[in-house]
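Student: Okay, sequence plus prediction incoming.
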Amino acid sequence: MMQALPGFRDFYPEEFAKRHFIFSKWREVAQRYGFWEYDGPPLESLELYTKKSGEEIVNQLYHFVDKGERAVALRPEMTPTLVRMVAAKHRNYKKPMKWFSIPQLFRYERQQKGRLREHFQLNADIVGGGLQAEVELIALSIHTLLELGLTKKDFRVRLSSRLVWQNFLIQLGVTGDKWDRVFAVIDKMERVPSEKTEKGFLDLGLTKELIEKIQNAVKARSIDALPQVEGTGELRTIIKGLHDFGMCDYVNLDLGIVRGLAYYSDTVFEIFALDKADNYTGRAIAGGGSYNHLIENLTGVKLSAIGFGMGDVVLGDLLSEKKLLDISPIQPEIFVVCADRRFVDKTYETVADFRRRGFRVDYSLRNIIDVKEQLERASEVGAKVAVIVTHEFGSKLEVKNLMTRQQESVDQEKVIGYLKDQLR
RNA sequence: GCGGCCGUAGUUCAAUGGUAGAACUCCAGGUUGUGGUCCUGGCUGUUGCGGGUUCGAAUCCCGUCGGUCGCCCCA
């Protein structure tokens, strides 16, 4: 049987309706926050990704050599494309630039729950902003989830800072060459047994005393409990900003978050679903952070930036569990029924007239004189009312409410108003 | 790349190693002007695919492909 490739999805109308619901909320809230929508090519030069992440990334990409002998790849993330676009034309835009996109991203790896070979992601970025831009971006990520129907009980932003970590590690005497590996251990901390975490640190040459200080920092849930180094002030400002937006209830300070990607520089955050006991569960719904050196490193253009990504797969699973995704395909409002051969012409004219006026209108494409069949069809396609053509021109139309089964004869001149009333 | 579990009709699932079935869906009817739940009839399968064991395989074994969950990795 022919089917979609592994890790790729078919969107039948029922699934597409859900996808459209999520996309439209993403778009609507981003625009409410003043973000402009953009897009780039789904296929990029392979070099765009190897330049940033090294050669290892190649075997996780869909990549091939095209007929022009170019090494190309389907985009696995949006940030490189954004950086490329921004660097090329940033002089055309006042800073800060608030941009968002809903790209389809691709990754060649074995699929598992919440993780396919293809997904869509809301990507929002602010380029050339300061600390308030970070507040703004995190606020957008929270507001997006609220608009989808989730509540304070359902998710939490875990806010952290790589800058704080770096300065803290300097204070502890841990040299820069070890930071990435220290971050890797911290990143896994909550998923592996504590002995393994300890062993990971010991293998990096950290003393038990240092390990304890690091673990205490990970446990800290308030600014004052953090190691006071350069960077904590910025975190304080961000939390204050979210407080002013009435959103501090959605945010936990949590240095356990460091993010996998190497290019994050200062602030990093991930959003996790909560279980009934308010514990973090499953995968991250969204994640992001600031990358204040990436644009300069790749293109020589010095611009700060912060962004986040929110994928449709984990989010969709969560919304389904919460019964927030019981969305049906868009249905016709009116189904026009022809009651007799003599009225066929008028039926089609009525259909066309209603459509010109902006109604969603359907009618039978086959047995147009069997009223029973037409009414069955009207119900099946989900129409709210049936308009039954029972008279010649210049006369009345029968309007039947398919929910209440009530039917009324309406003067042709008054039918539009009547329909609007019925459909309200 | 590694491991666990699972592949039977369009769908959800039955069938002790002994003739592959049910429900739903879909299609056609239920006498040429009013719908959903009713009635009748019909379609649908090399049991994912390929080997092996056996008198005989949906069932047991091997391989392969696919699904699913986890590991690795991370968007």
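Tutor: That came through, no problem.
Student: give me the number of residues near residue A:383?
Tutor: 24 (other C-beta atoms under 10 Å). For every residue, glycine as well, the C-beta is placed using N, CA and C.
Student: give me every residue that touches it.
Tutor: A:331, A:332, A:333, A:334, A:335, A:362, A:402 (C-beta atoms under 8 Å, 6 or more residues apart in numbering).
Student: and what of residue A:265?
Tutor: Counting by C-beta under 8 Å, 6+ apart, the residues that residue A:265 touches are A:162, A:163, A:289, A:290, A:291, A:292, A:293, A:294.
Student: Is it located within a helix, as I assumed?
Tutor: No: assignment of residue A:265 by DSSP: H, G, I helix; E, B strand; the rest coil gives coil, placing it outside any helix.
Student: Now do the helices in the stretch 301-424 of chain A.
Tutor: A:312-321, A:344-356, A:371-380, A:415-423 (DSSP state H, counting those that start in this stretch).
Student: could these be laid out in a markdown table, adding mean pLDDT, mean neighbour count and distance to RNA strand B?
Tutor: As requested, these are exported to a markdown table (pLDDT from 0 to 100; neighbours: other C-beta atoms under 10 Å; distance: least, C-beta to the nearest atom of the strand, whole Å):
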| stretch | mean pLDDT | mean neighbour count | distance to RNA strand B |
| --- | --- | --- | --- |
| helix A:312-321 | 90 | 20 | 7 |
| helix A:344-356 | 92 | 16 | 12 |
| helix A:371-380 | 88 | 16 | 3 |
| helix A:415-423 | 93 | 15 | 12 |
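Student: In a markdown table, list the ones you listed along with distance to residue A:122.
Tutor: Putting those into a markdown table (distance: least, C-beta to C-beta, whole Å) gives the following:
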| stretch | distance to residue A:122 |
| --- | --- |
| helix A:312-321 | 8 |
| helix A:344-356 | 33 |
| helix A:371-380 | 34 |
| helix A:415-423 | 32 |
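Student: Number of residues surrounding the nearest residue to residue A:213 once chain neighbours are set aside?
Tutor: Nearest residue to residue A:213 in three dimensions, chain neighbours excluded: residue A:172, at 6.3 Å (C-beta to C-beta, 6 or more residues apart in numbering). When neighbours are counted by other C-beta under 10 Å, residue A:172 registers 18.
Student: Verify the stated contact: residue A:172 with residue A:212.
Tutor: No: if you go by C-beta atoms under 8 Å, residue A:172 and residue A:212 don't touch, sitting 10.8 Å apart.
Student: got a list of contacts for the helix or strand where residue A:44 lies?
Tutor: Following DSSP states H and E, the helix or strand that holds residue A:44 is strand A:43-45. For strand A:43-45, contacts defined as C-beta under 8 Å, 6+ apart pick out A:70, A:71, A:72, A:73, A:74, A:75, A:80, A:81.
Student: which ones are touching the closest residue to the second one other than its chain neighbours?
Tutor: Distances taken as C-beta to C-beta, 6+ apart put residue A:46 closest to residue A:71, at 4.0 Å, once the chain neighbours are dropped. Under the criterion of C-beta under 8 Å, 6+ apart, the contact list for residue A:46 reads A:58, A:61, A:63, A:71, A:72, A:73.
Student: How about residue A:294: what's its closest non-neighbour residue?
Tutor: residue A:263 (4.5 Å).
Student: mind listing what the one you found touches?
Tutor: Applying C-beta under 8 Å, 6+ apart, the residues contacting residue A:263 are A:52, A:79, A:291, A:293, A:294.
Student: any idea how far residue A:79 is from it?
Tutor: For residue A:263, the distance to residue A:79 (C-beta to C-beta, to the nearest Å) stands at 8 Å.
Student: re earlier: and the contacts of residue A:46, which of them are buried?
Tutor: A:61, A:63, A:72, A:73 (16 or more other C-beta atoms under 10 Å).
Student: ok, those vs RNA strand B, which is closest?
Tutor: residue A:61 (11.0 Å; C-beta to the nearest atom of the strand).
Student: what's the nearest residue to the closest one if we skip its chain neighbours?
Tutor: For residue A:61, the spatially nearest residue (C-beta to C-beta, 6+ apart) is residue A:73, at 4.5 Å.
Student: hmm, back to that, mind listing which of the contacts of residue A:383 are in strands?
Tutor: A:334, A:335, A:362 (DSSP state E).
Student: The second one touches residue A:387, doesn't it?
Tutor: Going back to what we said before, that points to residue A:335. Yes: under the criterion of C-beta under 8 Å, residue A:335 makes contact with residue A:387 at 7.4 Å.
Student: Check which helix or strand residue A:195 maps to.
Tutor: Using DSSP H and E, residue A:195 falls in helix A:194-203.
Student: just checking, what packs against that helix?
Tutor: In terms of contacts (3 or more C-beta pairs under 8 Å, 6 or more residues apart in numbering; DSSP states H and E), helix A:194-203 is packed against helix A:179-188, helix A:208-219.
Student: between that helix and helix A:208-219, what angle do the directions make?
Tutor: 120 degrees (axes from the mean of the first three to the mean of the last three C-alpha atoms, to 10 degrees).
Student: if we can go back for a sec, which residues do residue A:263 and residue A:79 both contact?
Tutor: A:291, A:294.
Student: about what we covered before: if we only consider the ones in strands among the contacts of residue A:383, which is nearest to RNA strand B?
Tutor: For these, the nearest to RNA strand B is residue A:335 (9.4 Å; C-beta to the nearest atom of the strand).
Student: Who does that closest one form a beta bridge with?
Tutor: Here residue A:335 sits in beta bridges with residue A:362, residue A:386, as judged by DSSP bridges.
Student: The stretch 151-300 of chain A against RNA strand B: which residues are in contact?
Tutor: A:184, A:188, A:191, A:192, A:259, A:260, A:261, A:283, A:287 (C-beta under 7 Å from any atom of the strand).
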